[in-house]
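Visitor: Provided below for reference: sequence and predicted model.
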Amino acid sequence: FPVTIKANFNDMKGKAFWDGPLEEEVPTLRVPSLGVRTFFPSMIIQYGIGSHDKFVLSGDRRYLRQIEAVFSWMQRHIQDDGSYNNCFEMLEPEMNYYSSCSGMTQGLAISFLVRLLRNDLEIKLDICKVKSLIDRVYTSLIRPVEQGGGTLYNGDHICICEYPRKDRYIVLNGWVFGVFGLIDYARWQTRKGGAEQILKRTLISLVKDLPSYSFKNSGWTYYDNKGRVCSPIYQSLHIHLFDALWRLTGKNEFRDFFVWCRHGYNMRNRCYYTIAKIWEKLSDRYRYGTA
């Protein structure tokens, strides 16, 4: 991927097609077990990224309004500490969280905002406000989870936490989306060397931890570091994420993991792990699940 690439590193164009309810002109998440709708920041920002990519790749101006709506929402809903409220306590009341900050959401936000500056989108933006928002989001991303941020530090070992739980919970795809945000920030804000160092250290940590996300010799992966198996859709996501990560970093370990995941994404495994995931979900206590 050249530095000048316009679209996001992961294909989110499908996220731009939303036919559900809107509030403040952005999608809202329905939680069936609670009977409520709420803003879910990662979903909203992915809607913005998908809309951005649809515009820059097709020139279709209908997506400009969606991009503007997401940016406006982000300005209004950013919290004082630079994070977004991901509603964790509502969705997963059984878990203990340091905060409502998600490293994945912060990474997605950086990727979206940097592209607003990098590409000519034919919309009026206050550049100073965009830059300020990026810096606030980045500061929140790299803040330790114990202090309300999105990153788990253990000496030189650095993980980006999609869910800042007190049991040191790490979701693989959330970590990678956080890394994408760091890559975008480091490329944009080159004068801040700290971003490069954090990026380098978390990539080393990710390489070190990859074997723990491999399910035996099947070519299948775990969703997280707690042994929850991937559904086929997340296995497919891991394939695309590590293909992109290998191309961005040149690290052979990411290429090998990508090839390994792709090899495991066969019909037999897809059928077997679909059944395994259904069985797992039947006992899942999370509010967004089936229990």
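Guide: It's in.

Visitor: residues contacting residue 57?
Guide: 6-7, 13 (Cβ atoms under 8 Å, 6 or more residues apart in numbering). Any C-beta I mention is one placed from the backbone N, CA and C, and that applies to glycine too.

Visitor: buried set for the one helix or strand it maps to?
Guide: Using DSSP states H and E, residue 57 maps to helix 41-58. For helix 41-58, burial by neighbour count (16 or more other Cβ atoms under 10 Å) applies to 41-56.

Visitor: pull the distance from that helix to the chain's centre.
Guide: 13 Å (Cα atoms, centre = their mean, to the nearest Å).

Visitor: helix or strand right after that helix?
Guide: Heading C-terminal from helix 41-58 (DSSP H and E), you reach helix 62-77.

Visitor: off-centre distance for that following helix?
Guide: Worked out by Cα atoms, centre = their mean, helix 62-77 lies 18 Å from the chain centre.

Visitor: need the residues that contact it.
Guide: Counting by Cβ under 8 Å, 6+ apart, 16, 24-26, 39, 41, 44-45, 47-48, 51-52, 54-55, 84-85, 109, 112-113, 116, 121-123, 125, 129-130, 133 sit against helix 62-77.

Visitor: quick one: low-confidence parts of the stretch 1-150 of the chain?
Guide: Counting by pLDDT under 70, the ranges of the stretch 1-150 of the chain that qualify are 1-5.

Visitor: before we move on, the earlier item: out of the contacts of residue 57, which are buried?
Guide: Applying 16+ other Cβ under 10 Å to these flags 7, 13 as buried.

Visitor: need the contacts of residue 57 in CSV (columns: distance to residue 167 and secondary structure).
Guide: Below are the contacts of residue 57 laid out as CSV (distance: Cβ to Cβ, whole Å; DSSP: H, G, I helix; E, B strand; the rest coil):
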residue, distance to residue 167, secondary structure
6, 39, coil
7, 36, coil
13, 35, helix
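
Visitor: redo the contacts of residue 57 as CSV? Include distance to residue 188.
Guide: Below are the contacts of residue 57 laid out as CSV (distance: Cβ to Cβ, whole Å):
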residue, distance to residue 188
6, 14
7, 16
13, 22
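
Visitor: pick the one among the contacts of residue 57 closest to residue 156.
Guide: Nearest to residue 156, judged by Cβ to Cβ, of those is residue 7 at 32.9 Å.

Visitor: just give the closest residue to residue 188, not the sequence neighbours.
Guide: residue 114 (4.8 Å; Cβ to Cβ, 6 or more residues apart in numbering).

Visitor: repeat for residue 183
Guide: Spatial nearest neighbour of residue 183, excluding adjacent residues (Cβ to Cβ, 6+ apart): residue 248 at 6.0 Å.

Visitor: compute the number of surrounding residues for that neighbour.
Guide: As a burial measure, residue 248 scores 17 neighbours (other Cβ atoms under 10 Å).

Visitor: now do the one 4 residues further on
Guide: Residue 252: 10 surrounding residues under other Cβ under 10 Å.

Visitor: enumerate every residue touching it.
Guide: Shown in contact with residue 252 (Cβ under 8 Å, 6+ apart): residue 246.

Visitor: could you say which helix or strand holds residue 182?
Guide: In this structure, residue 182 sits in helix 172-188 according to DSSP H and E.

Visitor: export only the CA atoms of that helix, formatted as CSV.
Guide: Output in CSV follows, covering the C-alpha atoms of helix 172-188 (Å, rounded to 0.1, in the frame of the first residue of the first chain):
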residue,chain,number,x,y,z
LEU,A,172,-7.4,-9.8,17.7
ASN,A,173,-9.3,-7.8,15.0
GLY,A,174,-9.7,-4.9,17.4
TRP,A,175,-5.9,-4.8,18.0
VAL,A,176,-5.3,-4.7,14.3
PHE,A,177,-7.8,-1.9,13.6
GLY,A,178,-6.0,0.1,16.4
VAL,A,179,-2.7,-0.6,14.6
PHE,A,180,-4.2,0.8,11.4
GLY,A,181,-5.0,4.0,13.2
LEU,A,182,-1.5,4.2,14.6
ILE,A,183,-0.1,3.7,11.0
ASP,A,184,-2.3,6.5,9.7
TYR,A,185,-1.4,8.8,12.5
ALA,A,186,2.3,8.2,12.2
ARG,A,187,2.2,8.9,8.5
TRP,A,188,0.2,12.0,9.0
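
Visitor: cool, thanks, talk later.
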